[in-house]
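[1] sharing a model prediction with you, sequence too.
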Amino acid sequence: MTIICSGSLAFDRLSQFPGFFQDHILADKLASLNLCFLVDSVERVHGGTAGNIAYNLWLLGARPLVVGAVGADNDGRDYLERLKSWDLDVSAVAISDQPTAGAYIATDRATNQLSFFHPGAMGEASAFEPSQLPGPVDHHLAIVSPGGLADMKRLCRLYRELGLRFIFDPGQQVPAFTGPELLDMLDGSIILITNEYEIELFLKKTGVEFEDLFQYTTAVITTLGAEGSRLSTPRGSQHILPGPVEIAVNPTGAGDAYRAGVLMALDHNEEMITAARLGSTVASFCVESPSPQSAHFSPGEVLARHFRTFRETINCLA
């Protein structure tokens, strides 16, 4: 089976603000906001949703197919070589004349974040055709994460038509779509995964009630940051504990690490609740790391931490 990760391939410029953003934002001056935060450091690191998910899957022992786009610039060449060094198939990565996508993310002492993103090459359409995957198409598993808008719509439609299992992860791209577009992309998915803010915005844009989402998908996962996550199905909701974090360093990329855990478990036919729990465990390693692709763990280390928290064994990691 092939795990297909589509989304952004970007470089993050990460900075640390030594104070708290809230101390410098005046509630009665939001209409004329003009702020400058002096940061301690800036670091260029590999990021992007598709890249981050693929990295964590690689650490877990999987070799996903990456679907996205990079520029023909030094950043793009750098990223392609990185993916190849993991022995991943990059045939579905498009090369664009636009610069490789970039995010600028500042984190304060309370791990609150301010982010700015330039899509650049991310708007390049991929030539990836899922119908050409080897073997029965319903044996594969895909995630459609924030990336080029046209690709997100196209891939959701193709996966639905082919009967290929896919997770819809609209993320920060929720505002870019209309309500009908969001519901069309959700239709036929096995999971909708968002954070708390994104699910509220999703419901507002689509005009549906939360329970109506199950007309389009079988489950909804809502990540809750340090509080863990919530798995909802037509039968009800379950709270998923967060994975234990020894020292929280940077939350950037933790959501993508969570998604990698979910994909790994589902790809090996684990139950949905087990997949959500594994997501929590994998995310905890990311939070302990300074950047989205700097965590280093073995499947055995993940399994040991997971067992201490959830008292269950993940067969694909044993």
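    Yes, it's here.

[2] identify the bridge partners of I4.
    Beta-bridge pairing of I4 under DSSP bridges involves L65, A142.

[3] measure it to F166 for me?
    According to Cβ to Cβ, to the nearest Å, I4 and F166 sit 8 Å apart. Using the backbone N, CA and C atoms, a C-beta is placed for each residue, glycine as well.

[4] overlap in contacts, those two.
    141-143 (Cβ atoms under 8 Å, 6 or more residues apart in numbering).

[5] now these as a markdown table including neighbour count, distance to E198 and pLDDT?
    Output for those, formatted as a markdown table (neighbours: other Cβ atoms under 10 Å; distance: Cβ to Cβ, whole Å; pLDDT from 0 to 100):
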| residue | neighbour count | distance to E198 | pLDDT |
| --- | --- | --- | --- |
| L141 | 23 | 22 | 98 |
| A142 | 28 | 19 | 98 |
| I143 | 30 | 15 | 98 |
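
[6] got those residues as a markdown table, with distance to G135 columns?
    Shown next, in a markdown table, are the shared contacts of I4 and F166 (distance: Cβ to Cβ, whole Å):
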| residue | distance to G135 |
| --- | --- |
| L141 | 12 |
| A142 | 14 |
| I143 | 19 |
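
[7] and of those, the nearest to I191?
    I143 (8.8 Å; Cβ to Cβ).

[8] surely that closest one touches P170?
    No. The criterion here is Cβ atoms under 8 Å, and I143 misses it with P170 at 11.1 Å.

[9] E43 against S291, yeah?
    Yes. At 6.8 Å, E43 counts as touching S291 under the criterion of Cβ under 8 Å.

[10] who has more neighbours out of those two?
    S291 (20 against 13; other Cβ atoms under 10 Å).

[11] can you pull up the bridge partners for the closest residue to that one other than its chain neighbours?
    Once flanking residues are discounted, S291 sits nearest to V45: 3.9 Å by Cβ to Cβ, 6 or more residues apart in numbering. Following DSSP bridges, V45 is listed with bridge partners D12.

[12] same question, H118
    Per DSSP bridges, the residues bridged to H118 are G102.

[13] quick check: it touching D75?
    No. In this structure H118 lies outside contact range of D75 using Cβ under 8 Å: 11.5 Å.

[14] which secondary structure element contains the nearest residue to W86 once chain neighbours are set aside?
    Excluding the flanking residues, the one nearest W86 by Cβ to Cβ, 6+ apart is W58, at 4.6 Å. Assigned by DSSP states H and E, W58 falls within helix 49-60.

[15] and that helix, how far out from the chain middle?
    Distance of helix 49-60 from the chain centroid (Cα atoms, centre = their mean, to the nearest Å) equals 9 Å.

[16] for stretch 127-140, same thing?
    22 Å.

[17] overlap of the contact sets of H118 and D75?
    99, 102.

[18] re earlier: list residues touching both of E43 and S291?
    What both E43 and S291 touch, as defined by Cβ under 8 Å, 6+ apart, is the set L14.

[19] need the contact list for the residue nearest to W86.
    64, 86, 88.

[20] coming back round to it: so which of the shared contacts of I4 and F166 comes closest to K29?
    I143 (40.2 Å).

[21] for the longest helix seen in the chain, packing partners?
    Longest helix in the chain, counting residues (DSSP state H): helix 272-287. Using 3 or more Cβ pairs under 8 Å, 6 or more residues apart in numbering; DSSP states H and E as the contact test, the elements touching helix 272-287 are helix 49-60, strand 229-233, strand 236-240, helix 254-267, helix 299-310.

[22] repeat the analysis, applying 6 Å as the threshold.
    strand 236-240, helix 254-267, helix 299-310 (3 or more Cβ pairs under 6 Å, 6 or more residues apart in numbering; DSSP states H and E).
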